[in-house]
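**Student:** missing the sequence, but the structure's below:
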Ligand code: ADP
Ligand code: MG
């Protein structure tokens, strides 16, 4: 994986979007956006797993709310490939707060609030590598 990491990013279709039946709609946007799916699975995180994933945010006031939400229902974890994948996926997702997200972004179309904002995306190549490894084994990446 290491030789191609610049072309990979990590994404999550969050519990709000899965619960609302938007999984297919989000996947359609990802494929139409030119991403190749390298890994994909439906999981239901424990609270401890969500706390581990978002450990970087543990001092933030919304950490409890965020980790409860992320472990409240199933989500879909994704390893996505495209040239410049980290930026391309964040551009397609849109701003964290859907009220500030550009037209045509996934968060503009599917997110309901700054907390329940439909999708996650890595913010750097280093974090993409860490986040893919948190959820996927080598055998699960095609
Ligand atoms: P992003 O997901 O766009 O990278 P952050 O890394 O800043 O955004 O935050 C991680 C997640 O924490 C957000 O996607 C959102 O679900 C939640 N979050 C961020 N800011 C807030 C907030 N002010 N109130 C509630 N939840 C928030
Ligand atoms: Mg972030």
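**Tutor:** Right, received. Where do you want to start? Every value quoted in this text rests on a predicted model; they were computed, and no experiment measured them. Ligands and ions are numbered 1, 2, ... in the order given.
**Student:** List the buried residues in stretch 57-65.
**Tutor:** Across stretch 57-65, burial judged by 16 or more other CB atoms under 10 Å covers residue 63. Where C-beta positions appear, they are placed from N, C-alpha and C, glycine not excepted.
**Student:** Do that stretch and ligand 1 come into contact?
**Tutor:** Yes - interface with ligand 1: stretch 57-65 contributes 57, 62, 65 (CB under 6 Å from any ligand atom).
**Student:** so what pLDDT did the second one get?
**Tutor:** We have a pLDDT of 98 for residue 62.
**Student:** Counting neighbours, what do you get for residue 56?
**Tutor:** Residue 56 is flanked by 11 other residues according to other CB atoms under 10 Å.
**Student:** typed the wrong thing, it's residue 75
**Tutor:** By other CB under 10 Å, 26 other residues sit near residue 75.
**Student:** now do residue 135
**Tutor:** 18.
**Student:** Could you check which helix or strand contains the residue nearest to it when sequence neighbours are not counted?
**Tutor:** Of all residues not flanking residue 135 in the chain, residue 77 sits nearest, at 4.5 Å (CB to CB, 6 or more residues apart in numbering). Assigned by DSSP states H and E, residue 77 falls within strand 75-81.
**Student:** So is that strand next to ligand 1?
**Tutor:** No - using CB under 6 Å from any ligand atom, strand 75-81 never reaches ligand 1; the gap is at least 11.6 Å.
**Student:** name the helices or strands packed onto the helix or strand following that strand?
**Tutor:** Using DSSP H and E, the helix or strand that follows strand 75-81 in sequence is helix 85-93. Of the remaining helices and strands, those touching helix 85-93 by 3 or more CB pairs under 8 Å, 6 or more residues apart in numbering; DSSP states H and E are strand 8-13, helix 106-110, strand 119-121, helix 125-135.
**Student:** Determine whether any part of whatever helix or strand comes next after the first one lies close to ligand 1.
**Tutor:** Sequence order places helix 15-19 as the next helix or strand after strand 8-13, per DSSP H and E. No - for a cut-off given as CB under 6 Å from any ligand atom, helix 15-19 has no contacts with ligand 1; the smallest distance is 9.2 Å.
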